[in-house]
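J.: quick one, fold the following:
(4 chains)
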Protein chains: 2
Amino acid sequence: MAALGDPTRREIFERLAAAPSSVGALAANLPVSRPAVSQHLRVLKEAGLVSETPDGARRVYRIDPRGIGAMRDWLDQHWDRALAAFKDFVETPEDPAE
Amino acid sequence: MAALGDPTRREIFERLAAAPSSVGALAANLPVSRPAVSQHLRVLKEAGLVSETPDGARRVYRIDPRGIGAMRDWLDQHWDRALAAFKDFVETPEDPAE
DNA sequence: ACTAACGGTAAGTGATGACTAACGCACTTC
DNA sequence: GAAGTGCGTTAGTCATCACTTACCGTTAGT
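T.: Predicted structure coming up:
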């Protein structure tokens, strides 16, 4: 969750969501060096958002559905509560006692 | 989106999702000072995640459904693509040529 | 009007973290 | 086996940011 706070990391995440890719391919289309991409991928992997697959000398990274699913659950949970509270707030005309 | 990167800010966000609150009430139950809470609320407000409502001398903050809705949309969009790509990856038996 | 309570703002400090350069390791191909 | 490619890791630097202290504006009560 906090792993997506950095813009570069979010960019990497979005590119992987579009299509799995290797480290070098990602770094080639990004304004940062390859080690930087590698470090971001490690953070994303530890957060459970991506998974790596060895492919010879290369390593292919792709989105891990479980991680993004956990985020969805977290968001939906708060969404329901927030929506209920907001609805209650709008419908209350003007509470004088508070 | 990046506004939820900080743990303290996420904590404030979750408390507001549970129930709207004033700045002082939030700071009283948090390990940080009141100005810190005020700064976090400003970031959350600029991100469109919370909205403030003047109530006399106090200001009540609550979750803004639009902000959390935008996050949901962003997440769902990437979820669909990632799930399709992952499914395609799993179903591919084992590509010998590569 | 004066006082007290509530909250936003400014300035300054300390720590977290994103980045690059240099190095080492695993795998492949000649 | 030797050279080359693709990645991860380490050390070090620099910027970003979260936090506190002090101050000022605003609103409610006496």
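J.: got a list of what the nearest residue to residue A:66 once chain neighbours are set aside touches?
T.: Nearest residue to residue A:66, sequence neighbours excluded (CB to CB, 6 or more residues apart in numbering or on different chains): residue A:48, at 6.2 Å. Glycine gets a C-beta too; all of them are placed from N, C-alpha and C. Residues in contact with residue A:48 (CB atoms under 8 Å, 6 or more residues apart in numbering or on different chains) are A:64, A:66-67, A:70.
J.: give the rounded mean pLDDT of the longest helix seen in chain A.
T.: For chain A, the longest helix by residue count, based on DSSP state H, is helix A:65-91. Averaged across helix A:65-91, pLDDT comes to 85.
J.: show me which residues of chain A are close to DNA strand C?
T.: A:5-6, A:8-9, A:31-33, A:35-36, A:39-40, A:43, A:56-57 (CB under 7 Å from any atom of the strand).
J.: dihedrals phi and psi, the residue nearest to residue A:66?
T.: Dihedral pair for residue A:48: phi 80, psi 20, per degrees, to the nearest 10.
J.: now chain A against DNA strand C: closest residue?
T.: Per CB to the nearest atom of the strand, residue A:33 is where chain A lies closest to DNA strand C, at 3.1 Å.
J.: can I get the buried part of the residues of chain A next to DNA strand C as one PyMOL selection?
T.: Remark: buried members of the residues of chain A next to DNA strand C, expressed as a PyMOL selection using 16 or more other CB atoms under 10 Å in any protein chain shown:
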select buried, chain A and resi 5+9+40+43
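J.: who's in contact with the residue positioned nearest the centre of chain A?
T.: Centroid-nearest residue in chain A, with CA atoms, centre = their mean: residue A:4, separated by 4.7 Å. Listed by CB under 8 Å, 6+ apart, the contact set of residue A:4 reads A:10, A:13, A:49, B:1-2, B:5.
J.: at 7 Å instead, please
T.: A:10, A:13, B:1 (CB atoms under 7 Å, 6 or more residues apart in numbering or on different chains).
J.: dump the residues you listed into JSON lines; add neighbour count, pLDDT and secondary structure as well.
T.: Formatted as JSON lines, those follow (neighbours: other CB atoms under 10 Å in any protein chain shown; pLDDT from 0 to 100; DSSP: H, G, I helix; E, B strand; the rest coil):
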{"residue": "A:10", "neighbour count": "17", "pLDDT": "96", "secondary structure": "helix"}
{"residue": "A:13", "neighbour count": "24", "pLDDT": "96", "secondary structure": "helix"}
{"residue": "B:1", "neighbour count": "16", "pLDDT": "81", "secondary structure": "coil"}
